[in-house]
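J.: below: sequence and its predicted model.
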Amino acid sequence: MAPAGFQSGRSQQSRLANRGGAPKAHKRLHLTPLHLLAFSFAAGLSLLHSPASPRWALLAPLPAIVSTEAVVADVVRRAKDAVGHGWRNGSRQIAEQFGVSHAYMKTVLPRSDPLGFEKYKLLASRYAELTQEIRDAAGTKDFEAIVKRSGREQEALLEEVDRVLEQALDPSLRPQLSGTRHARRGANAAHRESTGSASSSRTSSGRERSEHSRWGLPPEKRVQSVRSARPEGSQVRHGDSPGVDGGDAYGIELTPEQRLERGSLLQRLVLVSYRQRQAASEEEATRLEETKQRLLHQLMEFDARVQRQRYEGPSSFFNREDAMNQVMEERLRREQHVAARMVEAEMVLEETVRSLGDARAVLTELEAVPGHAAQIRERISTKLDELREATAAREGCVLDAFILSGGLENETQNLVASARARGGESLGRVRTALSRCAAGVNSLDALIREVGGIEDPGLQSRAHTYSERRHVMQFETAQIQAAAERIVTDMEVKQLQLETEAGKLQEVVGAISEACLAFFKKEEERLQAVSSKVAERVTPLLAALQRIFETAAALGQKQDLEAAQAAQQHLGRASAGVDRLPSTALPPAESVPESQEDTVEFKALKLQKELEPIVSEVSGVSTDARTAERQIMALMAAVATLPADAGTALATNIARVHDAITRAEQGVVAALSQAQAQVSVVVSKARRSRQAAASFGAFRLMHPTSWPSPHLRNDGARLGQMNADARLRQASAWTGHN
């Protein structure tokens, strides 16, 4: 028997006769096995030497009943899926699990939720990778473990897709997806059973038992019940694309060798594309591009070989209607895909324009950063000049609490840090906006390249418009990036100048602190010397004042005793009728007076004269002590601004000096006051006694015979008694006080 696709004309006539049709002669079309073999060989050679896709001139000589457009469209679709669109394979598999088509997914999702569609693409890409891992592991010793692991992860991915669809689709679209979760789980169980046919019977039975215990139905009955619950229109949808698992995309069943060959080509192509996107140099990218083109040629050659095998079969060789249906189906799928990509291009364009606006706004903020840093530098420079002038005028020490306590240094550091943080924040925002712009431009470029291969005037016009806008946005992005680089350079220079100026200010502040600390120690030593001098001056003054006080106290006691004796004598004579007063109180006119140096009044006046230089000396000591106290208080206030480790010991020593000076000054002033009071009392008593004696003597001279009359005698006796009592009380009081 002749092989399929190479039957003779007689067999064809007999088959037509069996179908009830009359045999017809083929005048314009006469194909032989030799012709088909020649055309197939020529098509393979053309694919090997073609740069991107098969030439139409090589496919034109094929029979008219063979749909060359479907062949080329299928090959192009396979190549596009392999180059950066691996998620489509996973999407076809996921859509099959949900009972919808891949075209339905990629048309409805972008319109409802663009972000959800991007997430769906990531999930579909991962699903395809897991499927490819299972295929690559066929025949290996780790096949069962890989099937288990990948099956669990695919189940989790399907659950995540279900959540994405529930969040993304409108309520009007949700009834079409009702009950898909249970059906998907049943289909996954059946898929794992069919894929992992090499697994052990115990694993399969365990999975069936777990599925049965989870849902209460066997997998085949569960799938049947879910499918029967769907509407009839949801079983087969227009635009469904078969998966790439077992050759359904080609219309035939692939052999294990063909599966392995195609999976290896796709895996190598994805790996090369990924490495090309991550290439660090132009040479490496060029080399990877050549490798990718070579793999594409091999993949297209494989697709052409499989399609040739398909169209050479007897079942579809004369099936022109099926070929046309496939062409229309592929065209509809392509139109839906292009519409979805156009919607995505519009969204990408809007997002990129928004990112450009954000980049311009942030660039304006970034332009103000160097000026802000320059202003801070001017403030620091002005303060630095002021400190230098102050240190030159005050021998390096500036008694400023804000400087000595570290406030100026902390403020400078905060200003420098705020300028640096402001620049870093603005620069980070600019870079984020520019990265979003670059990502949008790259995405738009990829969309334009994808749409550019479709021969549609409307699409080409839109693609041209997008390309022009892409060039404009790319130019604006480059301008913003160049301006940002210039601003960053200027900002770094200004920041470096600011940090240099701040470092100079910190050095000056450190020098001021050291100079002030040395000044404080020097002042402490000087005040200790002042305290020693005050103590040296106060010691003799205290001794002199003590001597004067004791002398004055003795004179006062002597006056009191003499007055008491005179009062007693006068009282006795008055009561006895003596006609003259006692000589001690009222000396007679003819009695001889004492010498002037021996009188109490003379001695008291002498003590008073001795106090005059002492008063001047004490006044000088008090003035010096008060001056030193004021200096000490100012110094202690300045020392309080120093750090605790440097100012505590210094403040303790200065306080000790202050206490010593204060005690010395207060002691000498108190001694002076006591001595002055004692001398004043003695002088006052002497003057009153002298005045009384002078008045009585003058009266005695005026009335020598009539003294004393009886009445005056009695009055004198009474007055003498009173004076005697008073003098005794006064003498007792002074004696006890002294």
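T.: Done, it's in.
J.: how many residues are close by the nearest residue to Gln546 once chain neighbours are set aside?
T.: Using CB to CB, 6 or more residues apart in numbering and skipping the chain neighbours, the partner closest in space to Gln546 is Ala671 (6.9 Å). All C-beta atoms are positioned from the backbone trio N, CA, C, and that covers glycine. Ala671 has 21 neighbouring residues, counting by other CB atoms under 10 Å.
J.: does Ala671 touch Ala543 like I think?
T.: No. Between Ala671 and Ala543 no contact is recorded; they are 9.5 Å apart, counting by CB atoms under 8 Å.
J.: model confidence over the helix or strand harbouring the residue nearest to Gln546, on average?
T.: Here Ala671 is covered by helix 644-702, with elements defined by DSSP states H and E. Mean per-residue pLDDT for helix 644-702: 75.
J.: elements contacting that helix?
T.: If you count contacts as 3 or more CB pairs under 8 Å, 6 or more residues apart in numbering; DSSP states H and E, helix 644-702 packs onto helix 457-576, helix 600-639.
J.: nearest to Arg436, of those helices?
T.: When those are compared by CB to CB, helix 457-576 sits nearest Arg436, at 9.9 Å.
J.: that closest one relative to helix 644-702, how many degrees between them?
T.: 30 degrees (axes from the mean of the first three to the mean of the last three CA atoms, to 10 degrees).
J.: for helix 457-576, name the packing helices and strands.
T.: Secondary structure elements in contact with helix 457-576, counted by 3+ CB pairs under 8 Å, 6+ apart, are helix 320-393, helix 401-404, helix 407-452, helix 600-639, helix 644-702, helix 710-737.
J.: what's in contact with the shortest one?
T.: Applying CB atoms under 8 Å, 6 or more residues apart in numbering, the contact partners of helix 401-404 are Leu387, Gly407, Leu408, Val509, Ile512, Ser513, Cys516, Ala638, Thr641, Leu642.
J.: could you measure from the fourth one over to Val353?
T.: Yep, that's Val509 we're talking about. From Val509 across to Val353, the span is 51 Å (CB to CB, to the nearest Å).
J.: those two: which is more packed in?
T.: When neighbours are counted by other CB under 10 Å, Val509 and Val353 differ, and Val509 comes out ahead with 22 against 16.
J.: tell me the contacts of the more buried one?
T.: Leu387, Ile403, Leu408, Glu409.
J.: at 10 Å what do you get?
T.: With contacts taken as CB atoms under 10 Å, 6 or more residues apart in numbering, Val509 has the following neighbours: Lys383, Leu384, Leu387, Val398, Asp400, Ile403, Leu404, Gly406, Gly407, Leu408, Glu409, Thr412.
J.: which of those count as buried?
T.: The neighbour-count test (16 or more other CB atoms under 10 Å) applied to the contacts of Val509 identifies Lys383, Leu384, Leu387, Val398, Asp400, Ile403, Leu404, Leu408, Glu409, Thr412 as buried.
J.: and the furthest pair within those?
T.: Among those, the pair separated by the greatest distance (CB to CB) is Leu384 and Leu404, at 16.7 Å.
J.: low-confidence ranges, the stretch 201-350 of the chain, go.
T.: Applying pLDDT under 70 to the predicted model, the residue ranges of the stretch 201-350 of the chain that meet it are 201-253, 309-325, 327.
J.: residue boundaries of the helices in it?
T.: For the stretch 201-350 of the chain, the helices identified by DSSP state H, counting those that start in this stretch occupy 201-215, 219-229, 256-277, 282-311, 320-393, in order along the chain.
J.: so can I have TSV of those showing distance to Gly503?
T.: Compiled in TSV, the helices of the stretch 201-350 of the chain are given as follows (distance: least, CB to CB, whole Å):
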stretch	distance to Gly503
helix 201-215	71
helix 219-229	76
helix 256-277	46
helix 282-311	44
helix 320-393	10
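J.: of the ones you listed, which is nearest Leu169?
T.: For those, proximity to Leu169 was assessed by CB to CB; helix 320-393 is nearest, at 14.8 Å.
J.: show me what the closest one is packed up against.
T.: helix 68-82, helix 102-112, helix 114-136, helix 401-404, helix 407-452, helix 457-576 (3 or more CB pairs under 10 Å, 6 or more residues apart in numbering; DSSP states H and E).
J.: how big is the angle separating that helix from helix 407-452?
T.: Helix 320-393 runs at 160 degrees relative to helix 407-452, counting by the same axes, to 10 degrees.
J.: surely Arg334 and Thr107 touch.
T.: No. Under the criterion of CB atoms under 10 Å, Arg334 is not in contact with Thr107, lying 11.9 Å apart.
J.: give the residues shared as contacts by those two.
T.: When contacts are counted by CB under 10 Å, 6+ apart, Arg334 and Thr107 are jointly contacted by no residue.
J.: just send the contacts of Val509 back as TSV, with pLDDT too.
T.: As requested, the contacts of Val509 are exported to TSV (pLDDT from 0 to 100):
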residue	pLDDT
Lys383	83
Leu384	82
Leu387	82
Val398	70
Asp400	68
Ile403	73
Leu404	70
Gly406	72
Gly407	75
Leu408	80
Glu409	79
Thr412	83
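J.: nearest to Lys504 among those?
T.: Closest to Lys504, out of all of the contacts of Val509 and judged by CB to CB, is Leu384, at 6.0 Å.
J.: just the pLDDT at the closest residue to that closest one other than its chain neighbours, thanks.
T.: Using CB to CB, 6+ apart and skipping residues adjacent in sequence, the residue nearest Leu384 is Leu505, 5.0 Å away. pLDDT, Leu505: 83.
J.: for Leu505, what are its contacts?
T.: Listed by CB under 10 Å, 6+ apart, the contact partners of Leu505 are Ile380, Ser381, Lys383, Leu384, Leu387, Leu408, Glu409, Thr412, Gln413.
J.: okay, now the unreliable bits of the stretch 401-550 of the chain?
T.: When residues are selected by pLDDT under 70, those of the stretch 401-550 of the chain lie in 401, 405, 451-456.
J.: same thing but 80
T.: Across the stretch 401-550 of the chain, the stretches falling below the confidence threshold (pLDDT under 80) are 401-407, 409, 443-467, 470, 512-520, 523-524.
J.: show me the domain layout of this protein.
T.: Under the assignment automatic domain parsing, the domains of the chain span 1-6+34-62+256-318, 87-235, 346-515, 520-737.
J.: can you list the buried residues in stretch 515-522?
T.: Of the residues in stretch 515-522, those buried by neighbour count under the rule 16+ other CB under 10 Å are Ala515, Cys516, Leu517, Phe519, Phe520.
J.: hmm, Cys397 and the last one touching each other?
T.: Pointing back at Phe520 there. Yes. Using CB under 10 Å, Phe520 and Cys397 qualify as a contacting pair, with a distance of 8.4 Å.
J.: please enumerate the shared neighbours of those two.
T.: Common neighbours of Phe520 and Cys397 (CB under 10 Å, 6+ apart) are Leu404, Ala638.
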